[in-house]
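K.L.:
quick one: sequence and predicted model below, then my questions.
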Amino acid sequence: MLTITYSPAHTLVPTYECFNRCSYCNFRREPGEDSWLTMAAAQQKLQQLAGLGVREILILAGEVHPQSSRRQAWFELIYNLGKIALDLGFYPHTNAGPLSRSEMARLKEVNFSLGLMLEQISPRLLTTVHRQAPSKDPQLRLEQLQLAGELAIPFTTGLLLGIGETDQEVADSLMAIAKVQRRYGHIQEVILQPHSPGQRQTDGIPAYGSQKLVEVVTLAREILPAEITLQIPPNLVANFSALLACLAAGVRDLGGIVPIDEVNPDYHHRSVEQLSQLLKENSYNLEPRFPVYPAYFNWLDPSLQRCLPDSVAAKG
Ligand SMILES: O=c1nc2n(C[C@H](O)[C@H](O)[C@H](O)CO)c3cc(O)ccc3cc-2c(=O)[nH]1
Ligand SMILES: C[C@H]1O[C@@H](n2cnc3c(N)ncnc32)[C@H](O)[C@@H]1O
Ligand code: SF4
């Protein structure tokens, strides 16, 4: 039986406020209109999660402008959330948008991997869906992938599909990821994220079709180096047969299975038990994983390596 992995996860949102306005975003709030997560509330939440099988704490944040006087406080909150999650025995993974070199280096101390979606490499989208989103400059995002490579951080990136890109631009985006991977070797997984419309976004773009998604999986498997795992969030795939087609085309991971998908709150996950049963009926074995893949265990700071169970660490 082929093994498909998932990450038993819970999401913490330090803040929904964001100075970008991606037209497809259902997550962001206007700066000033969102109160930030307090350390006390986070601590309480994490304590409730103890013993429930959760491994990854996904720290997913709206962004404060790099030049803002509030950036430092924003960053310290994100760092400290990773720190308490770690201290309570969880495995943090942070995606907080583009970071400075020193911010990224510090987050490495308390995270098992970091993430940032390339979205798409085409600068054309800066005049459409990303017109009011300076953080989505593809060159800036590519530099972030390189920076993570230089800092030897196991990394998750990916494409957002169906935001106005052409087929050629999808291929270009995949080739750009393949190129950084051949230089640094730090990209453990690529998420192929189908755009999924929600209640709050400001545009009217439709859901990305399943047929196209399967085609992109096939293309990604051709373009990306074999060591990169392809991830698709199953809650964003229209039906189970489409998910099976994605698996047949090369997807091997289902990402974080969380109670609430904070980015796409209208799309619920099936329970792990149900997913596992459905997969078993189709000769797939569903297994939990950590937010860092075994091949990268020895890239982690020794203090983090010590947090992984011996049996698992030995495979690294
Ligand atoms: O539940 C979610 N998890 C998301 N994750 C988490 C992901 O599913 C995995 O849990 C992590 O990549 C750890 O391997 C992301 C991680 C990234 O680094 C970048 C983007 C995402 C996007 C989502 C998302 O939209 N919803
Ligand atoms: C955290 C990641 O979530 C993705 N993201 C943001 N909005 C949507 C949406 N409506 N549908 C699917 N994915 C989305 C982006 O790729 C972002 O980088
Ligand atoms: S997708 Fe991320 S960067 Fe864009 S508006 Fe939403 S929170 Fe901000």
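P.N.:
Happy to help now that I have it. Numbers count the residues shown, from 1 in each chain. Ligands and ions are numbered 1, 2, ... in the order given.
K.L.:
neighbours of Leu304, how many?
P.N.:
19 (other Cβ atoms under 10 Å). (Each C-beta comes from the backbone N, C-alpha and C, glycine too.)
K.L.:
ok, it - contacts?
P.N.:
Leu86, Phe112 (Cβ atoms under 8 Å, 6 or more residues apart in numbering).
K.L.:
let's verify it: helix, strand, or coil?
P.N.:
Three-state call for Leu304 (DSSP: H, G, I helix; E, B strand; the rest coil): helix.
K.L.:
from Ile153, how far off is it?
P.N.:
Note on Leu304: its distance to Ile153, by Cβ to Cβ, to the nearest Å, is 11 Å.
K.L.:
and the gap between Ser173 and Ala42?
P.N.:
Counting by Cβ to Cβ, the gap from Ser173 to Ala42 is 34 Å.
K.L.:
counting neighbours, go ahead and name the busier of the two.
P.N.:
Neighbours per residue (other Cβ under 10 Å) separate Ser173 from Ala42, with Ser173 holding more: 27 against 21.
K.L.:
quick one: secondary structure of that one?
P.N.:
Assignment for Ser173 (three-state DSSP): helix.
K.L.:
then Thr157?
P.N.:
Applying three-state DSSP: Thr157 is strand.
K.L.:
residues touching it, list them.
P.N.:
Thr157 touches Gly115, Leu116, Met117, Leu118, Leu145, Ile177, Ile187, Val190, Ile191, counting by Cβ under 8 Å, 6+ apart.
K.L.:
now do Cys246, the pLDDT please.
P.N.:
On pLDDT, Cys246 comes in at 98.
K.L.:
correction: the previous question concerned Ser311.
P.N.:
Ser311 is given a pLDDT of 63.
K.L.:
what's the closest non-adjacent residue to Thr15?
P.N.:
Excluding the flanking residues, the one nearest Thr15 by Cβ to Cβ, 6 or more residues apart in numbering is Trp36, at 4.6 Å.
K.L.:
for this protein, longest strand please?
P.N.:
strand 2-12 (DSSP state E).
K.L.:
got the buried residues for that strand?
P.N.:
Under the neighbour-count criterion of 16 or more other Cβ atoms under 10 Å, strand 2-12 has Ile4, Thr5, Tyr6, Ser7, Pro8, Ala9, His10, Thr11, Leu12 buried.
K.L.:
between these, which sits nearest Arg21?
P.N.:
Thr11 (21.6 Å; Cβ to Cβ).
K.L.:
bridged to that closest one, which residues?
P.N.:
Taking DSSP bridges as the rule, Thr11 bridges to Leu58.
K.L.:
pretty sure it sits against Asn264.
P.N.:
No. Assessed by Cβ atoms under 8 Å, Thr11 is found out of contact with Asn264, at 11.6 Å.
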